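Participant: Below: sequence and its predicted model.
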Amino acid sequence: MVKDKMRPKGPMSAYACFVQVIREEHKKKHPEESVVFAEFSKKCAEKWKTMNPKEKKRFEDMASRDKERYNREMDDYVPADGSKGKKRKKPKDPNMPKRALTAFFLFSDEHRQKIRDEHPDWRVSEVAKELGRMWEACTDRPKYERPLFAISSAMKTR
């Protein structure tokens, strides 16, 4: 989806206003100095955390004014032609036949409970890893692959 360049810029948070002011002050004091973003961000975050609510009030007021600006601009905003917004996902057809299970899933269904009984303290991920190991070592894979066609055709009729 193409971004609409005419859409109003979103409202800034109090912290974003704070960072913007600090950055502008730093540029005025040190116009030639390049700023390392990571260090600057860390220092801003530390300073923001140590500020008391009275000091933060200035930036919260700036943020609320910016939010008002955004709301005014959004009231006047008309989306450009061709921008339809988010596409909605088509609802699934309840009558659509289910997909056939793979040979591995048939194998897993047969062996999962046995593994859970042997290792009741295992998490789902550990059971899944063990099923994967067992599947790799499985010598009678054709047993699970043969009935796949018959099962898949039976599931389609559901």
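Facilitator: Thanks, I have the structure now.
Participant: so M74 touches P8, yeah?
Facilitator: Yes - counting by C-beta atoms under 8 Å, P8 is a contact partner of M74 at 5.7 Å. Heads up, the C-betas are built off the backbone N, CA and C, glycines and all.
Participant: So those two - more neighbours on which side?
Facilitator: Each of M74 and P8 has its neighbours counted (other C-beta atoms under 10 Å); P8 has more, 15 against 12.
Participant: How about the more buried one, nearest residue that isn't a chain neighbour?
Facilitator: Among residues not flanking P8 along the chain, E73 sits closest, at 3.6 Å (C-beta to C-beta, 6 or more residues apart in numbering).
Participant: Would you map out the domains in the protein?
Facilitator: Taking automatic domain parsing as the criterion, the chain consists of the domains 14-76, 103-156.
Participant: Just send those domains back as CSV, with distance to K92 and mean pLDDT too.
Facilitator: Formatted as CSV, these follow (distance: least, C-beta to C-beta, whole Å; pLDDT from 0 to 100):
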stretch, distance to K92, mean pLDDT
domain 14-76, 34, 91
domain 103-156, 16, 84
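Participant: Kindly reformat these as TSV containing distance to M96.
Facilitator: As requested, those are exported to TSV (distance: least, C-beta to C-beta, whole Å):
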stretch	distance to M96
domain 14-76	40
domain 103-156	10
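Participant: Out of those, which is closest to K3?
Facilitator: domain 14-76 (15.7 Å; C-beta to C-beta).
Participant: about what we covered before: what comes up buried for the helix or strand hosting the residue nearest to P8?
Facilitator: Here E73 is covered by helix 53-76, with elements defined by DSSP states H and E. By 16 or more other C-beta atoms under 10 Å, the buried positions in helix 53-76 come out as K56, F59, M62, A63, D66, Y70.
Participant: now, which of those sits nearest Y15?
Facilitator: Using C-beta to C-beta, these come closest to Y15 at F59, 7.3 Å.
Participant: From G10, how far off is that closest one?
Facilitator: 17 Å (C-beta to C-beta, to the nearest Å).
Participant: E73 now?
Facilitator: For E73, the distance to G10 - C-beta to C-beta - is 10 Å.
Participant: try W135
Facilitator: From W135 over to G10 the distance is 49 Å, taken as C-beta to C-beta.
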